[in-house]
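*Asks:* just coords:
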(Lines give C-alpha, C1' and ligand atoms only; values in the text may rest on other atoms or scores of the structure.)
Protein backbone atom coordinates (compact mmCIF):
# COMPACT_ATOMS: atom_id res chain seq x y z
CA UNK A 1 0.00 0.00 0.00
CA UNK A 2 2.84 2.37 0.93
CA UNK A 3 4.56 1.80 -2.42
CA UNK A 4 1.26 2.38 -4.21
CA UNK A 5 0.99 5.88 -2.74
CA UNK A 6 4.66 6.58 -3.45
CA UNK A 7 4.09 5.65 -7.09
CA UNK A 8 1.05 7.94 -7.28
CA UNK A 9 3.02 10.84 -5.79
CA UNK A 10 5.91 10.27 -8.19
CA UNK A 11 3.46 10.11 -11.12
CA UNK A 12 1.73 13.38 -10.15
CA UNK A 13 5.05 15.14 -9.59
CA UNK A 14 6.36 13.82 -12.89
CA UNK A 15 3.33 15.00 -14.84
CA UNK A 16 3.49 18.42 -13.13
CA UNK A 17 7.17 18.76 -14.00
CA UNK A 18 6.49 17.76 -17.62
CA UNK A 19 3.74 20.38 -17.91
CA UNK A 20 6.03 22.97 -16.34
CA UNK A 21 8.88 22.19 -18.74
CA UNK A 22 6.59 22.17 -21.80
CA UNK A 23 5.17 25.57 -20.86
CA UNK A 24 8.50 27.24 -20.13
CA UNK A 25 9.38 30.18 -22.42
CA UNK A 26 11.15 28.80 -25.49
CA UNK A 27 12.67 32.08 -26.77
CA UNK A 28 10.28 32.09 -29.68
CA UNK A 29 7.37 34.32 -30.68
CA UNK A 30 3.97 32.62 -30.75
CA UNK A 31 0.72 33.97 -32.20
CA UNK A 32 -2.42 31.94 -31.49
CA UNK A 33 -5.49 32.73 -33.58
CA UNK A 34 -7.98 31.21 -31.18
CA UNK A 35 -10.97 29.12 -32.23
CA UNK A 36 -13.78 31.16 -30.68
CA UNK A 37 -16.52 30.60 -33.24
CA UNK A 38 -18.00 33.49 -35.22
CA UNK A 39 -15.70 36.17 -33.83
CA UNK A 40 -12.08 37.14 -33.36
CA UNK A 41 -9.45 36.50 -30.71
CA UNK A 42 -5.68 36.57 -31.02
CA UNK A 43 -3.22 35.72 -28.23
CA UNK A 44 0.44 36.70 -28.58
CA UNK A 45 3.12 35.12 -26.39
CA UNK A 46 6.50 36.86 -26.62
CA UNK A 47 9.85 35.15 -26.05
CA UNK A 48 9.92 36.90 -22.66
CA UNK A 49 6.59 35.21 -21.78
CA UNK A 50 4.53 38.40 -22.04
CA UNK A 51 0.95 37.94 -23.21
CA UNK A 52 -1.05 40.23 -25.50
CA UNK A 53 -4.74 39.45 -26.06
CA UNK A 54 -6.54 41.13 -28.97
CA UNK A 55 -10.33 40.69 -28.82
CA UNK A 56 -12.16 37.89 -27.05
CA UNK A 57 -14.73 36.39 -29.38
CA UNK A 58 -18.48 36.10 -28.86
CA UNK A 59 -18.59 33.82 -25.81
CA UNK A 60 -16.70 32.81 -22.68
CA UNK A 61 -14.93 29.90 -24.38
CA UNK A 62 -11.97 32.22 -24.98
CA UNK A 63 -10.96 31.55 -21.36
CA UNK A 64 -10.62 27.83 -22.11
CA UNK A 65 -8.68 28.59 -25.29
CA UNK A 66 -6.29 30.79 -23.29
CA UNK A 67 -6.05 28.19 -20.53
CA UNK A 68 -5.06 25.55 -23.09
CA UNK A 69 -2.37 27.87 -24.47
CA UNK A 70 -0.78 29.70 -21.53
CA UNK A 71 1.37 28.23 -18.77
CA UNK A 72 -0.93 26.57 -16.20
CA UNK A 73 0.05 28.87 -13.33
CA UNK A 74 0.31 32.05 -15.42
CA UNK A 75 -2.75 34.24 -14.91
CA UNK A 76 -1.42 37.51 -16.32
CA UNK A 77 -2.43 39.33 -19.49
CA UNK A 78 0.10 42.11 -20.01
CA UNK A 79 -1.97 43.94 -22.64
CA UNK A 80 -5.61 43.50 -23.63
CA UNK A 81 -6.84 45.23 -26.80
CA UNK A 82 -10.47 45.61 -27.86
CA UNK A 83 -10.52 46.54 -31.53
CA UNK A 84 -14.18 47.62 -31.51
CA UNK A 85 -17.29 47.01 -29.39
CA UNK A 86 -19.25 44.48 -31.44
CA UNK A 87 -20.27 41.46 -29.36
CA UNK A 88 -18.26 38.97 -31.44
CA UNK A 89 -15.08 40.77 -30.35
CA UNK A 90 -15.84 42.03 -26.85
CA UNK A 91 -17.98 39.38 -25.11
CA UNK A 92 -15.20 36.96 -24.16
CA UNK A 93 -13.00 39.73 -22.75
CA UNK A 94 -15.36 40.15 -19.80
CA UNK A 95 -14.62 36.65 -18.47
CA UNK A 96 -10.88 37.20 -19.05
CA UNK A 97 -11.02 40.40 -16.98
CA UNK A 98 -12.69 38.46 -14.17
CA UNK A 99 -10.36 35.45 -14.26
CA UNK A 100 -6.96 36.95 -15.15
CA UNK A 101 -4.78 39.76 -13.89
CA UNK A 102 -4.96 42.24 -16.77
CA UNK A 103 -2.23 44.88 -16.56
CA UNK A 104 -3.17 47.21 -19.44
CA UNK A 105 -6.26 47.73 -21.59
CA UNK A 106 -6.32 49.60 -24.90
CA UNK A 107 -9.53 50.45 -26.75
CA UNK A 108 -11.01 53.36 -28.67
CA UNK A 109 -13.76 53.84 -26.07
CA UNK A 110 -16.18 55.04 -28.73
CA UNK A 111 -19.85 55.45 -27.85
CA UNK A 112 -21.89 52.36 -28.69
CA UNK A 113 -25.17 51.17 -27.19
CA UNK A 114 -24.77 47.56 -26.14
CA UNK A 115 -25.27 45.75 -22.83
CA UNK A 116 -22.22 43.59 -23.53
CA UNK A 117 -20.03 46.62 -24.23
CA UNK A 118 -21.34 48.32 -21.08
CA UNK A 119 -20.45 45.22 -19.06
CA UNK A 120 -16.97 45.25 -20.57
CA UNK A 121 -16.42 48.89 -19.59
CA UNK A 122 -17.63 48.10 -16.07
CA UNK A 123 -15.29 45.09 -15.84
CA UNK A 124 -12.34 47.22 -17.01
CA UNK A 125 -13.07 49.77 -14.30
CA UNK A 126 -13.33 47.07 -11.64
CA UNK A 127 -10.10 45.42 -12.81
CA UNK A 128 -8.10 48.58 -12.17
CA UNK A 129 -5.92 48.02 -15.22
CA UNK A 130 -3.94 50.87 -16.76
CA UNK A 131 -6.14 52.30 -19.52
CA UNK A 132 -4.93 53.54 -22.92
CA UNK A 133 -7.10 55.32 -25.50
CA UNK A 134 -6.02 54.02 -28.89
CA UNK A 135 -4.42 56.23 -31.51
CA UNK A 136 -1.39 56.01 -33.80
CA UNK A 137 0.88 57.40 -31.08
CA UNK A 138 -0.07 54.70 -28.55
CA UNK A 139 2.45 51.90 -29.01
CA UNK A 140 3.82 49.22 -26.68
CA UNK A 141 7.36 47.87 -26.41
CA UNK A 142 7.74 44.37 -24.98
CA UNK A 143 11.47 44.02 -25.65
CA UNK A 144 11.61 41.69 -28.64
CA UNK A 145 8.02 42.49 -29.62
CA UNK A 146 6.59 45.87 -30.59
CA UNK A 147 2.90 46.73 -30.88
CA UNK A 148 2.61 49.50 -33.48
CA UNK A 149 -0.84 51.10 -33.45
CA UNK A 150 -1.70 52.38 -36.93
CA UNK A 151 -5.34 53.45 -36.70
CA UNK A 152 -7.26 55.43 -35.55
CA UNK A 153 -4.89 58.24 -36.49
CA UNK A 154 -6.09 60.31 -33.51
CA UNK A 155 -8.19 59.57 -30.42
CA UNK A 156 -11.89 58.95 -31.15
CA UNK A 157 -13.15 58.22 -27.64
CA UNK A 158 -16.65 59.54 -27.00
CA UNK A 159 -17.51 59.63 -30.70
CA UNK A 160 -20.24 57.68 -32.46
CA UNK A 161 -19.90 55.87 -35.81
CA UNK A 162 -22.52 54.96 -38.37
CA UNK A 163 -20.55 51.75 -38.89
CA UNK A 164 -18.61 50.96 -35.71
CA UNK A 165 -16.49 48.48 -37.67
CA UNK A 166 -14.69 51.51 -39.09
CA UNK A 167 -13.63 52.54 -35.59
CA UNK A 168 -11.53 49.37 -35.26
CA UNK A 169 -8.04 49.55 -33.81
CA UNK A 170 -5.49 48.55 -36.45
CA UNK A 171 -2.03 47.30 -35.44
CA UNK A 172 1.14 45.66 -36.63
CA UNK A 173 2.67 43.22 -34.17
CA UNK A 174 6.39 43.30 -34.97
CA UNK A 175 8.96 40.73 -33.89
CA UNK A 176 12.47 41.30 -35.26
CA UNK A 177 12.01 41.29 -39.07
CA UNK A 178 8.59 39.58 -38.97
CA UNK A 179 5.18 41.14 -38.50
CA UNK A 180 1.45 40.42 -38.20
CA UNK A 181 -1.15 42.91 -39.44
CA UNK A 182 -4.36 43.01 -37.38
CA UNK A 183 -7.23 45.23 -38.47
CA UNK A 184 -10.35 44.33 -36.50
CA UNK A 185 -13.30 44.64 -38.86
CA UNK A 186 -12.25 47.62 -40.99
CA UNK A 187 -13.75 47.99 -44.45
CA UNK A 188 -12.30 49.16 -47.74
CA UNK A 189 -12.78 52.88 -46.97
CA UNK A 190 -10.49 52.66 -43.93
CA UNK A 191 -8.05 50.43 -45.83
CA UNK A 192 -7.71 53.23 -48.42
CA UNK A 193 -6.99 55.81 -45.71
CA UNK A 194 -4.35 53.60 -44.10
CA UNK A 195 -2.42 52.75 -47.26
CA UNK A 196 -2.55 56.42 -48.32
CA UNK A 197 -0.97 57.53 -45.03
CA UNK A 198 1.73 54.87 -44.53
CA UNK A 199 4.54 53.90 -46.88
CA UNK A 200 5.68 50.53 -45.51
CA UNK A 201 3.05 48.17 -44.17
CA UNK A 202 4.54 44.91 -45.44
CA UNK A 203 3.56 42.06 -43.14
CA UNK A 204 4.19 38.33 -43.19
CA UNK A 205 0.78 37.46 -41.74
CA UNK A 206 -2.56 39.21 -42.24
CA UNK A 207 -5.54 38.65 -39.98
CA UNK A 208 -8.34 39.09 -42.51
CA UNK A 209 -10.71 41.87 -41.50
CA UNK A 210 -14.39 41.21 -40.84
CA UNK A 211 -14.06 37.43 -41.13
CA UNK A 212 -13.69 37.56 -44.91
CA UNK A 213 -16.49 40.00 -45.72
CA UNK A 214 -16.59 41.26 -49.32
CA UNK A 215 -16.38 44.81 -47.90
CA UNK A 216 -12.75 44.35 -46.84
CA UNK A 217 -9.42 42.92 -48.08
CA UNK A 218 -9.41 44.94 -51.29
CA UNK A 219 -6.90 44.31 -54.07
CA UNK A 220 -4.98 47.52 -53.31
CA UNK A 221 -4.81 46.66 -49.62
CA UNK A 222 -3.56 43.10 -50.20
CA UNK A 223 -0.93 44.37 -52.63
CA UNK A 224 0.31 46.90 -50.07
CA UNK A 225 0.43 44.47 -47.13
CA UNK A 226 1.86 41.65 -49.24
CA UNK A 227 1.25 38.83 -46.74
CA UNK A 228 2.47 35.26 -47.18
CA UNK A 229 -0.23 33.92 -44.85
CA UNK A 230 -3.83 35.01 -44.24
CA UNK A 231 -5.85 33.96 -41.18
CA UNK A 232 -9.65 34.00 -41.30
CA UNK A 233 -11.54 33.70 -38.03
CA UNK A 234 -15.11 32.44 -38.41
CA UNK A 235 -17.46 29.62 -37.48
CA UNK A 236 -18.73 26.76 -39.61
CA UNK A 237 -21.93 27.42 -41.56
CA UNK A 238 -22.30 30.93 -40.18
CA UNK A 239 -25.37 32.87 -41.32
CA UNK A 240 -23.26 35.65 -42.90
CA UNK A 241 -21.66 33.42 -45.50
CA UNK A 242 -18.15 34.29 -44.26
CA UNK A 243 -15.61 34.05 -45.69
CA UNK A 244 -16.99 35.23 -49.01
CA UNK A 245 -15.76 33.60 -52.18
CA UNK A 246 -14.68 36.97 -53.59
CA UNK A 247 -12.15 37.38 -50.74
CA UNK A 248 -10.95 33.78 -51.02
CA UNK A 249 -10.42 34.30 -54.76
CA UNK A 250 -8.43 37.49 -54.13
CA UNK A 251 -6.17 35.75 -51.62
CA UNK A 252 -5.57 32.86 -53.99
CA UNK A 253 -4.84 35.29 -56.85
CA UNK A 254 -1.90 36.69 -54.89
CA UNK A 255 -0.67 33.27 -53.82
CA UNK A 256 -1.45 33.86 -50.14
CA UNK A 257 -1.70 30.74 -47.98
CA UNK A 258 -5.07 30.64 -46.19
CA UNK A 259 -5.81 29.23 -42.74
CA UNK A 260 -9.34 29.28 -41.27
CA UNK A 261 -10.41 28.64 -37.70
CA UNK A 262 -13.66 27.04 -38.92
CA UNK A 263 -11.65 24.43 -40.83
CA UNK A 264 -8.31 24.31 -39.01
CA UNK A 265 -9.29 25.16 -35.42
CA UNK A 266 -6.78 27.21 -33.46
CA UNK A 267 -3.99 28.41 -35.73
CA UNK A 268 -0.50 28.91 -34.27
CA UNK A 269 2.18 30.99 -35.98
CA UNK A 270 5.74 30.69 -34.61
CA UNK A 271 8.60 33.06 -35.44
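*Replies:* Perfect, thanks for sending it. Remember, predicted model here, so these are calculated numbers, not experimental data.

*Asks:* What segments of the stretch 101-250 of the chain are helices?
*Replies:* 115-127, 188-197, 219-225, 245-253 (DSSP state H, counting those that start in this stretch).

*Asks:* and residue 78, which of those is closest to it?
*Replies:* helix 115-127 (13.3 Å; C-beta to C-beta). C-beta: built from backbone N, CA, C; applies to glycine.

*Asks:* what comes into contact with that closest one?
*Replies:* 82, 85, 87, 90-91, 93-94, 97-98, 102, 105, 107, 109, 131 (C-beta atoms under 8 Å, 6 or more residues apart in numbering).

*Asks:* Just want the phi and psi numbers for residue 78.
*Replies:* phi -80, psi -30 (degrees, to the nearest 10).

*Asks:* need the contacts of helix 115-127 in a markdown table with neighbour count, pLDDT and distance to residue 168, can you?
*Replies:* Formatted as a markdown table, those follow (neighbours: other C-beta atoms under 10 Å; pLDDT from 0 to 100; distance: C-beta to C-beta, whole Å):
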| residue | neighbour count | pLDDT | distance to residue 168 |
| --- | --- | --- | --- |
| 82 | 26 | 98 | 10 |
| 85 | 24 | 98 | 10 |
| 87 | 16 | 97 | 14 |
| 90 | 25 | 98 | 12 |
| 91 | 23 | 98 | 16 |
| 93 | 30 | 98 | 15 |
| 94 | 21 | 98 | 19 |
| 97 | 23 | 97 | 20 |
| 98 | 13 | 95 | 24 |
| 102 | 24 | 98 | 20 |
| 105 | 24 | 98 | 16 |
| 107 | 24 | 98 | 10 |
| 109 | 22 | 98 | 13 |
| 131 | 13 | 98 | 18 |
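
*Asks:* Farthest-apart pair in those, please.
*Replies:* 87 and 131 (21.1 Å).

*Asks:* re the thing from before, of the contacts of helix 115-127, closest to residue 207?
*Replies:* Of those, the one sitting nearest to residue 207 (C-beta to C-beta) turns out to be residue 82, at 14.8 Å.

*Asks:* Spit out the contact partners of the residue nearest to the closest one when sequence neighbours are not counted.
*Replies:* Excluding its sequence neighbours, the residue lying closest to residue 82 (C-beta to C-beta, 6 or more residues apart in numbering) is residue 107, at 4.1 Å. For residue 107, the contact set (C-beta under 8 Å, 6+ apart) comprises 81, 82, 85, 124, 133, 134, 169.

*Asks:* change it to 10 Å
*Replies:* Applying C-beta atoms under 10 Å, 6 or more residues apart in numbering to residue 107 gives the contacts 80-85, 90, 93, 117, 120-121, 124, 131-134, 157, 167, 169.
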